[in-house]
Every structure is written in structure tokens, then in C-alpha cells.
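# Take this sequence and fold it.
(one chain, ligands or ions: 2)
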Amino acid sequence: MARQGHLTINEARCKGCELCVSACPLHLLSLSSTLNAKGYHTVTISEPEKCTGCASCATMCPDIVIKVERD
Ligand code: SF4
Ligand code: SF4
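Residues are numbered from 1 along each chain as shown. Ligands and ions are numbered 1, 2, ... in the order given. Just a heads-up that it's a prediction; the model follows:
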């Protein structure tokens, strides 16, 4: 299946709360080992080619870190 969604993650705003991690029905999101300037582990996407662009993650994020564009 072709990739349908493209995520832009604004790492500087992420506070590592993992709400988006729980929200992704395909379990594509996890916290990385990288810390941002505020000292939080930031969210990252594995297997981005599987993203459907459903935007559940973006809707769930209280800090508007994730932007989803559908192809
Ligand atoms: S847009 Fe949907 S499928 Fe893609 S990472 Fe977010 S929750 Fe997961
Ligand atoms: S919901 Fe937003 S702030 Fe929380 S981990 Fe995900 S991207 Fe970061």
C-alpha cells in the first residue's frame, strides 16, 4: 500500500507525554532517545510509509506538535 500521510513533527514543542503514541491505531509512534531543548524525549515515527494520514495523533496532541498532510 502506498504511503498516504506525511507527518511533520515540531520536536522543539514536544513534551513527551505520549498521548499521540496511544492514539495511533497502527502503533507507529514512539518516544526517541533524543532530548529537545526543554529536556523532553521527543516523538518519532517508525515505518512512516505505513502512515494512513488519519491524523488521530495530531488531534490528540495538546501542543500542536504534529502536522499531518495527506498525499
Ligand atoms: S496520522 Fe494516523 S496513522 Fe499516521 S502516525 Fe498519526 S495516528 Fe498514526
Ligand atoms: S502528544 Fe504531542 S507533546 Fe505529547 S508526545 Fe505526542 S507530539 Fe509530543
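# hmm, whichever strand in the chain runs longest in reach of ligand 2?
The residue-count maximum for a strand in the chain (DSSP state E) belongs to strand 29-35. No: applying CB under 6 Å from any ligand atom, one finds strand 29-35 separated from ligand 2 by no less than 6.8 Å. Glycine gets a C-beta too; all of them are placed from N, C-alpha and C.
# where does this protein dip in pLDDT?
Applying pLDDT under 70 to the chain flags residues 1-2.
# Identify the residues contacting the closest residue to residue 18 other than its chain neighbours.
With sequence-adjacent residues excluded and distances taken as CB to CB, 6 or more residues apart in numbering, residue 18 is closest to residue 31, at 6.5 Å. Shown in contact with residue 31 (CB atoms under 8 Å, 6 or more residues apart in numbering): 16, 18, 21, 41-44.
# residues in this structure within reach of ligand 2, list them.
Those residues of the chain that sit near ligand 2, judged by CB under 6 Å from any ligand atom, are 14-20, 43, 60-61, 63, 65-66.
# what do you get if the cut-off is 8 Å, keeping everything else the same?
Proximity of the chain to ligand 2 is confined to 9, 13-21, 23, 29, 31, 40, 42-43, 57, 60-66 under the rule CB under 8 Å from any ligand atom.
# Now list the buried members of the residues you listed.
Among the residues of the chain next to ligand 2, those buried by neighbour count (16 or more other CB atoms under 10 Å) are 9, 14-17, 19-21, 23, 29, 31, 40, 42-43, 57, 60-61, 65-66.
# picking that back up, okay, and which of the contacts of residue 31 map to helices?
residue 21 (DSSP state H).
# This completes my enquiry, with thanks.
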